[in-house]
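[1] need coordinates for the following:
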Amino acid sequence: MTDSAVHKGGKNGGDTSLSLLDKAREKDQTAWERLVHLYQPLLARWCSRANVSEADALDITQEVFAAVSLKLGEFERKKEGSFRSWLKTITRNKIVDHLRQIGSGPAAGGGTDAKNRMENLPESEAYSLHENDAPEEQSIVYRKALDLIKTEFEANTWQAFMETIVGSRSAADVAADLGMTRTAVYTAKSRVLKRLRDEFKDLLDDS
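    Next up, the predicted model:
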């Protein structure tokens, strides 16, 4: 299947003018699964940095996505800031709630340790909302976004994009290696970038 065929409906179907976030707001199941795929690595990272056990992290992740599903229609970029920061705040609150629940239980269940972790969490440098984490977190989401759209493009189109954007190589060098014209390389790059913008509007741009 050609790139253009996919973009007109193709594998995702429906109106491709709607972003992933818009589709998820409309309760589109496929869009929701893609949103989870996009951000699950960040949730795992945040839980790990808060010293949450792997088992607890799975519970917290489910709680976070359940809350996002309910509140997604209320998310407004102008009011809340970036989607990533909004999601991070929800995750942090769920971690605090989870540790509070554990801390209120029997000491044999690790209550004392959980209580101390909960009390220290708001000031914890390991789980702050400082923006010095933003570039790495954006990179994680960007890579997952690329994973989601890779199969929509022919091999040469995708390789031309990866070599020029991710590999920072010149269009002339990439064209020579792939047996393409420079115009074809520029076109390939533009197609993938447009697809990223259309699908992940308000998700990849954290400015």
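
[2] what's the following helix or strand after the helix or strand bottoming out on mean pLDDT in the chain?
    Every helix and strand of the chain was ranked by mean pLDDT, DSSP states H and E. The lowest is helix 3-7, at a mean of 48. The C-terminal neighbour of helix 3-7 among helices and strands, as given by DSSP states H and E, is helix 20-25.

[3] just checking, what packs against that next one?
    Taking 3 or more CB pairs under 8 Å, 6 or more residues apart in numbering; DSSP states H and E as the contact definition, the neighbouring helices and strands of helix 20-25 are helix 29-49. (Each C-beta comes from the backbone N, C-alpha and C, glycine too.)

[4] buried set for the helix it packs on?
    Judged by neighbour count (16 or more other CB atoms under 10 Å), helix 29-49 contains these buried residues: Ala31, Trp32, Arg34, Leu35, Leu38, Tyr39, Leu42, Leu43, Ala44, Arg45, Trp46, Cys47.

[5] out of these, the closest to Trp86 would be?
    Nearest to Trp86 among the buried residues of helix 29-49, counting by CB to CB, is Tyr39 at 10.8 Å.

[6] excluding chain neighbours, what is closest to Glu177?
    Small correction: residue 177 is Asp, not Glu. By the measure of CB to CB, 6 or more residues apart in numbering, the closest residue to Asp177 outside its immediate chain neighbours is Glu163, 7.4 Å from it.

[7] that neighbour against Met180, yeah?
    No. The pair Glu163 and Met180 fails to qualify as a contact (CB atoms under 8 Å) at a distance of 10.5 Å.

[8] mind listing the shared neighbours of the two?
    Counting by CB atoms under 8 Å, 6 or more residues apart in numbering, the common neighbours of Glu163 and Met180 are Val174.

[9] quick check: Thr30 vs Leu148, distance?
    If you measure Thr30 against Leu148 using CB to CB, to the nearest Å, the figure is 11 Å.

[10] make that Phe161, sorry
    Distance of Phe161 to Leu148, given as CB to CB: 14 Å.

[11] quick one: which of those two has more around it?
    Neighbours were counted for Phe161 and for Leu148 using other CB atoms under 10 Å; Phe161 has more, 24 against 19.

[12] name the SS class of the more buried one, please.
    Following DSSP: H, G, I helix; E, B strand; the rest coil, Phe161 is assigned to helix.

[13] which residue is the nearest non-sequential neighbour of it?
    In this structure, Phe161 finds its nearest non-sequential neighbour in Val192, 4.1 Å apart by CB to CB, 6+ apart.

[14] now swap in Gly73 and tell me
    Ranked by CB to CB, 6+ apart and with sequence neighbours excluded, the top spatial neighbour of Gly73 is Arg25, at 5.5 Å.

[15] Leu20 and Ala31 touch, don't they?
    Yes. With contact defined as CB under 8 Å, Leu20 reaches Ala31; the gap is 5.4 Å.

[16] what segments of the protein are helices?
    Assignment of helices within the chain using DSSP state H yields the ranges 3-7, 20-25, 29-49, 54-71, 77-80, 83-103, 111-120, 134-149, 155-161, 171-178, 182-199.
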